[in-house]
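**Q** Sequence below, structure please.
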Amino acid sequence: MTNLTSEQIRQLNSYSVYVTPTAHPLFTLRDLLMDEKTDDCLNAVQAVSGCPNSTVTASFIMRRIGMFLSMQLFNLVAYEEVWDGEDSGVVFGAIEEYGNKTVSLYLKECDWHLVEEDEHAIAIRKILLQTDTIIRQLRTVSSVSPLTLWENVFGFLLWQYHVLLDNPATSKEARLDLDILKNDQTWAGIAQRSLFAVYLNDREPSDMLNMTVRKTCCFSKDVPGLMQCGFCPLK
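**A** Just a heads-up that it's a prediction; the model follows:
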């Protein structure tokens with residue numbers, strides 16, 4: 001267990017991840033991963049966000065989860081910490097942001113833990129396995145493609161690694177962690193190749209910020225209050 005700094009909490013909040021209890025809890029990550037509850041969870045998010053169907057709703061949820069996952073990898077580089085709690089400790093709650101009803105994630109501050117330098121590969125693989133589990137579960141109740149859901153995570157990672165690699169204080173560790181993410185062995189049991197390496201296509205994160213890098217649309221344009229994302233291939 002570790003105490004998050006005020007700057008870490010601010011960074012998490014900027015990605016709609018909070019360490020204070022929600023006033024309007026909807027369900028937990030554990031609920032989302034239960035076969036008998038997944039559909040109800042999507043229905044709850046659809047009702048709050050105004051998403052038109054299950055495909056858009058599943059993509060919307062994965063974008064929210066993607067912010068949580070990308071912040072874990074950011075904190076791993078910048079602070080040697082990751083979230084390591086129970087699925088029941090990740091709460092999805094209704095909230096109003098910028099005048100729009102939406103859903104954010106709420107965690108316990110005590111569930112962030114220090115990671116030794118030689119354990120980064122283990123921590124990164126654990127995050128990827130968790131991501132894969134969530135994506136597979138969302139696809140049991142929606143027709144959204146797995147590529148769309150993975151790209152919903154990668155878009156946030158692209159910016160995070162751009163920031164970390166551009167900072168002399170974090171560039172070395174960021175490069176090491178990025179190499180782990182690009183290593184096919186890290187993705188064993190998830191995909192034959194590193195999906196993030198395929199996404200990068202031998203380019204640096206900073207080189208891709210002004211490019212149309214997505215192969216699929218994330219459907220943000222179909223969520224009330226949101227806009228078409230900057231990486232959309234439909235532009």
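**Q** show me what contacts the nearest residue to residue 193 once chain neighbours are set aside?
**A** Spatially, and ignoring its direct neighbours in sequence, residue 193 is nearest to residue 184 (5.2 Å; C-beta to C-beta, 6 or more residues apart in numbering). Where C-beta positions appear, they are placed from N, C-alpha and C, glycine not excepted. Residues in contact with residue 184, defined by C-beta atoms under 8 Å, 6 or more residues apart in numbering, are 192, 193, 194, 197.
**Q** Give me the distance between the residue nearest to the spatial centre of the chain and residue 60.
**A** Against the mean C-alpha coordinate of the chain, by C-alpha atoms, centre = their mean, the closest residue is residue 66 at 1.4 Å. In this view, residue 66 and residue 60 are 10 Å apart by C-beta to C-beta, to the nearest Å.
**Q** do residue 214 as well
**A** As judged by C-beta to C-beta, residue 214 and residue 60 stand 15 Å apart.
**Q** Between the two, which has more neighbouring residues?
**A** For residue 214 versus residue 60, neighbours defined as other C-beta atoms under 10 Å are more numerous around residue 60 (26 against 20).
**Q** The more buried one looks like it's in a helix, true?
**A** Yes: judged by DSSP: H, G, I helix; E, B strand; the rest coil, residue 60 forms part of a helix.
**Q** Pretty sure it sits against residue 48.
**A** No: using C-beta atoms under 8 Å, residue 60 makes no contact with residue 48, being 10.0 Å away.
**Q** which residues do the two both contact?
**A** residue 103.
**Q** Tell me where this structure has strands.
**A** Taking DSSP state E to define them, one finds strands in the chain at 17-18, 25-28, 81-83, 91-97, 100-106, 112-114.
**Q** Export those strands as JSON lines, with columns for mean pLDDT and distance to residue 135.
**A** Below are the strands of the chain laid out as JSON lines (pLDDT from 0 to 100; distance: least, C-beta to C-beta, whole Å):
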{"stretch": "strand 17-18", "mean pLDDT": "96", "distance to residue 135": "19"}
{"stretch": "strand 25-28", "mean pLDDT": "98", "distance to residue 135": "17"}
{"stretch": "strand 81-83", "mean pLDDT": "95", "distance to residue 135": "18"}
{"stretch": "strand 91-97", "mean pLDDT": "94", "distance to residue 135": "16"}
{"stretch": "strand 100-106", "mean pLDDT": "93", "distance to residue 135": "16"}
{"stretch": "strand 112-114", "mean pLDDT": "94", "distance to residue 135": "23"}
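**Q** Tell me which of these sits nearest to residue 52.
**A** strand 100-106 (14.6 Å; C-beta to C-beta).
**Q** How about the contacts made by the residue in the chain sticking out farthest from the centre?
**A** What lies farthest from the middle of the chain is residue 168; by C-alpha atoms, centre = their mean that is 24.9 Å. Contacts for residue 168 (C-beta under 8 Å, 6+ apart) come out as none.
**Q** And it, its phi and psi?
**A** For residue 168, the backbone dihedrals are phi -60, psi -30 (criterion: degrees, to the nearest 10).
**Q** Just the pLDDT at it, thanks.
**A** Looking at residue 168, its pLDDT stands at 97.
**Q** Residue 224 now?
**A** 80.
**Q** Just give the closest residue to it, not the sequence neighbours.
**A** In space, residue 224 is closest to residue 50, 4.0 Å off (C-beta to C-beta, 6+ apart).
**Q** Tell me how many other residues crowd the one you found.
**A** If you count neighbours by other C-beta under 10 Å, residue 50 ends up with 18.
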